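Trainee: I'll drop the sequence and a predicted model, then ask my questions.
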2 protein chains.
Amino acid sequence: MNTAVRTIDPNSDAAIAAGIEPRPIEEISGRLGVPLEALYRYGPYKAKIDLGFAGQAAAKADGRLILVTAINPTPAGEGKTTTTIGLGDALSRIGKSVAIALREPSLGPVFGSKGGATGGGHAQIVPMQDINLHFTGDFHAITAAHNLLAAAIDNHIYWGNALDIDARRINWRRVVDLNDRALRSVIVGLGGPGNGFPREDGFDITVASEVMAIFCLARSLEDLEERLGRMVVAQNRARQPITAAHLKVTGAMTALLRDAFQPNLVQTLEGTPALVHGGPFANIAHGCNSVIATRAALGLADYVVTEAGFGADLGAEKFLDIKCRQAGLTPRAVVIVATVRALKMHGGVAQKDLGPENVEAVARGTGNLVRHIENMKAFGLPAVVAINRFTSDTSAEIAAIEAACAAVGASVHLCAHWAEGSAGAVALAEEVVRLADGTSHFQTLYDNDLSLAGKIETIATRIYRAGSVAIEPGALKKLGEFEAMGYGGLPVCMAKTPYSFSADPSRRGTPEGFVLPIREVRLSAGAGFVVALAGEVMTMPGLPSHPAAENIFVDDTGFIGGVF
Amino acid sequence: MNTAVRTIDPNSDAAIAAGIEPRPIEEISGRLGVPLEALYRYGPYKAKIDLGFAGQAAAKADGRLILVTAINPTPAGEGKTTTTIGLGDALSRIGKSVAIALREPSLGPVFGSKGGATGGGHAQIVPMQDINLHFTGDFHAITAAHNLLAAAIDNHIYWGNALDIDARRINWRRVVDLNDRALRSVIVGLGGPGNGFPREDGFDITVASEVMAIFCLARSLEDLEERLGRMVVAQNRARQPITAAHLKVTGAMTALLRDAFQPNLVQTLEGTPALVHGGPFANIAHGCNSVIATRAALGLADYVVTEAGFGADLGAEKFLDIKCRQAGLTPRAVVIVATVRALKMHGGVAQKDLGPENVEAVARGTGNLVRHIENMKAFGLPAVVAINRFTSDTSAEIAAIEAACAAVGASVHLCAHWAEGSAGAVALAEEVVRLADGTSHFQTLYDNDLSLAGKIETIATRIYRAGSVAIEPGALKKLGEFEAMGYGGLPVCMAKTPYSFSADPSRRGTPEGFVLPIREVRLSAGAGFVVALAGEVMTMPGLPSHPAAENIFVDDTGFIGGVF
């Protein structure tokens, strides 16, 4: 028995959510015009939307797409997900037909230190415990599909290795949807001939799987299976690529993913429909919810609010250059989320000193925000700023932000959706409608036919403001190989620290003229991008000394407490 | 793309199932008196029954319980699951209120060589593809709960090891719900200080997890969590047991299992309600579906038909001595399934020679069947024999079986439910009703207070007909330690080959007087039994050279083909 005290904090997100009765999911689907026969219910408050129906909606996809992104994240917190939810609720409030499109949480952070990913306060999606724990099983399906392929590789070698797979050059690791550092680097196949050939291996967290990235970029089940088949999992002794198709399990993988691929429907605390589907890593993958869900939402609602991982330098850039490019999406407006406290940190203030007014620091830190606004203009997109209000914020600090943003043509809106729900984000919603109803001038940052190195350089210099890029010789050679293999037309997926425009996480604010190092590149042929790694990327997190899991419990009514 | 031909065999189980429109799950639950508000739907044809309602039904549990078991399995096949389903349908047909209680399939065999576990022909539970692939996610939840505990162990050591866990004496392996021999024996924690301490580890298939055994024996969520807390996962340097409770994640594990713990409801092709829930290994665990589902079924229907793993020597004995003992269940009758072909194999005929009539071999092989009938009498239970009919069976062969069974008071019924559905098992159903309506004289084979070695000896000599038991000195010492720790009152869970009464799988028929070797014993303190291993037990299967996964595909209508 867990020895922790088992009480529900009345101010916790779980308690706030528990105080509001959700509407039956049939009512939520009705708002989107989803007929009952296209609703695949998971209990009273969750559902999947039949793929046939979702596919028809996705083919239409004529709504206005709004991206919520943020400044470079700081320990002070910004509130991107709550803003996405609060904005969706506020759009509903002012009478618009709206759907929210979010990522699904991974179990790793839920049991680690980050907690859940369903918003907070009065801007939440519910049922929050369900969404944070298993939800409709999509990530488990992805885990199973990924690991089936891994088992098929070792099994193929065991039974004679007709494909001549080089056991030293298998790049298909295994996955588990947990934070488990002991699995980062392992040796498998020990114990004698009956267990196969010993080799180095490792586990990533499921969200880092290329299957997850594919799941989130595929337009249809057929597209999904074709992409799975293209994944390069190893090389043979002649250094030729071995793909998943060679292992003959892409049909079974697709069968495992069939139900999962249907978008999930839930609701906000105010009953706004939310499609919560997929959740790829934002470093080695593109960090956005699924294309099928986003496109279906656009076919079912007039306005769709979605978010991307990390800050706008990584998340928005990849949303626009990878997801929108592949999915044929034309976003209409961008919301950039910040807090006064976070801007202070970008202005050089330490976390312990965030309390007192410091207009100068805010003004300095706003440089980070302004640069993201300018970057959105490089994509032809209008931006609006949402400031998640804290009671400690002063009007002079707010004025400093407004002045700086006005200079680049962006309005600033103070938001209180965390405390007030939709009423706290009405002004933001009205401005978003104004922008989204205008003509879109969206364009990707670079063309497909630019070289891979050229794409990296374009992102680094134009978005990050690097002075130059230093691609390691080995990585440069690999880029050439990818191009020779016919993958030169793919977009680039940057894996960089989210905490800075540069590759150095300690450089907050507006670093420029730095050299961006590219240490390694990887081909994600199924997902359809080339990953460029500017530094170490951790694809399997560890648990902290006191994991959040220690606080989670089920009380005698069946209520799950301790999930943030 | 899978290169296999993607056509649906019109005689396959999948095609037969696809030809019959299932009834809405609300109609099935209605037959059991489950109100709509207690129904947690997973789409139109699957549901979970709310735990509060299921718990009330389980507290009542006043129906008649019928166990379907079998002779020692042979490569010729017996058809235990089809008989369970066919009998359930036949009981419905003759007007009885009935529910079937079955185990959930594991993904391992589905992708390996065994195929699915949803019956066959016209005796199937549906939707068969869904049940065989993920179903309602229960096994994934068990996998996640199991692996969270594993991560917590390594994480505890990483952060200072306050419990002084001896890394050489961790017996909590990890699990994955796949056949993956490369994971049987691994080294984890490699790669440097940031990844923890390297140590030997391994993966079992999820059905071998003690969490699975607990899931299937717990009476309530509270009982579930208490049992999880009692699991011994390691020893400290002073050789004291470290339990899951010490790791403080049993609350989170219970939260992960909360929804899964609700029994699943599906239907047969004829619309008979089937509770399909849990699926522990039949060797190192007890091999029966969940207690919560069985008891709930008994509270909702007059007759409940369930099955146990392997043959009656292992499956029925463990069902009766472990599950019924722990769950307070009183079964009323036992059905022993056999085929003429399988009895021929027990009579010494090779698989290739099963075609021609061979009355003598059948008569010899019937000894195996007769012994199982006698064994059921040792538990005070009446038995009836179900022969799954093949067109090659002759009347002389059947007569030989009938004569032998009549001598021990058991009637024999020819069954054709595979080809005909319920109509093919009416005579069996009528005899089962007659037996189940009689007074039950059920008693367990041994009392709780018999010593652990005494329990092993009792099972070996009375059920298996061993001459004696040879417990290895190390195992005997451990039994003493378990008793000293206060676990002497637990029942014993035998892990023996299912193919013979003896520990030698090649000895079909009626071996007797042999020495049963007990090589190892293990404590499953949470499940509440001591495992005695009579030989090697494989807890992680491997895939064959051509896994069934290679035949599975999704066609352009979304239909999943290639699942048996």
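Mentor: Structure's in. What do you need? This structure is a prediction, so every number in the text was calculated from the model and none was measured.
Trainee: can you tell me which residues contact the nearest residue to residue A:185 once chain neighbours are set aside?
Mentor: Residue nearest to residue A:185 in three dimensions, not counting chain neighbours: residue B:191, with 3.2 Å by Cβ to Cβ, 6 or more residues apart in numbering or on different chains. The C-beta positions use only the backbone N, C-alpha and C, and glycine is treated the same way. Contact analysis of residue B:191 by Cβ atoms under 8 Å, 6 or more residues apart in numbering or on different chains lists A:184-185, A:202.
Trainee: of those, closest to residue A:141?
Mentor: Ranked by distance to residue A:141 (Cβ to Cβ), those are led by residue A:202 at 21.7 Å.
Trainee: distance check, the closest one against chain B.
Mentor: For residue A:202, the distance to chain B (Cβ to the nearest Cβ, to the nearest Å) stands at 8 Å.
Trainee: which of the contacts of residue B:191 count as buried?
Mentor: A:184-185, A:202 (16 or more other Cβ atoms under 10 Å in any protein chain shown).
Trainee: okay if I get the residues you listed as TSV plus pLDDT and secondary structure?
Mentor: Shown next, in TSV, are the buried ones among the contacts of residue B:191 (pLDDT from 0 to 100; DSSP: H, G, I helix; E, B strand; the rest coil):
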residue	pLDDT	secondary structure
A:184	98	coil
A:185	98	coil
A:202	98	coil
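Trainee: just the residues you listed now: which is nearest residue B:226?
Mentor: residue A:184 (33.4 Å).
Trainee: and the pLDDT for the residue of the stretch 251-400 of chain A found nearest chain B?
Mentor: Nearest residue of the stretch 251-400 of chain A to chain B, counting by Cβ to the nearest Cβ: residue A:251, 3.5 Å away. In this model, residue A:251 is scored at 97, pLDDT.
Trainee: for residue A:461, the count of nearby residues, please.
Mentor: Using other Cβ atoms under 10 Å in any protein chain shown, residue A:461 is surrounded by 16 other residues.
Trainee: sorry, wrong one. I was asking about residue A:288.
Mentor: 32.
Trainee: residues in contact with the closest residue to chain B within the stretch 351-500 of chain A?
Mentor: Of all residues in the stretch 351-500 of chain A, the one sitting closest to chain B is residue A:497 (17.1 Å; Cβ to the nearest Cβ). If you count contacts by Cβ under 8 Å, 6+ apart, residue A:497 has them with A:503-505, A:534-535.
Trainee: what comes up buried for the strand or helix carrying residue A:456?
Mentor: Under the criterion of DSSP states H and E, residue A:456 resides in helix A:452-458. Neighbour counts over helix A:452-458 (16+ other Cβ under 10 Å) mark A:452-458 as buried.
Trainee: then stretch A:317-332?
Mentor: A:317-327, A:329-332.
Trainee: next, count neighbours for residue A:47.
Mentor: 25.
Trainee: so, low pLDDT: which residues of chain A?
Mentor: A:1-5, A:114-115, A:564 (pLDDT under 70).
Trainee: can you redo the buried ones among the contacts of residue B:191 as TSV with distance to residue B:209?
Mentor: Shown next, in TSV, are the buried ones among the contacts of residue B:191 (distance: Cβ to Cβ, whole Å):
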residue	distance to residue B:209
A:184	23
A:185	24
A:202	22
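Trainee: and which of these is nearest to residue A:372?
Mentor: Taking Cβ to Cβ as the measure, residue A:372 lies nearest residue A:184 of the buried ones among the contacts of residue B:191, at 32.7 Å.
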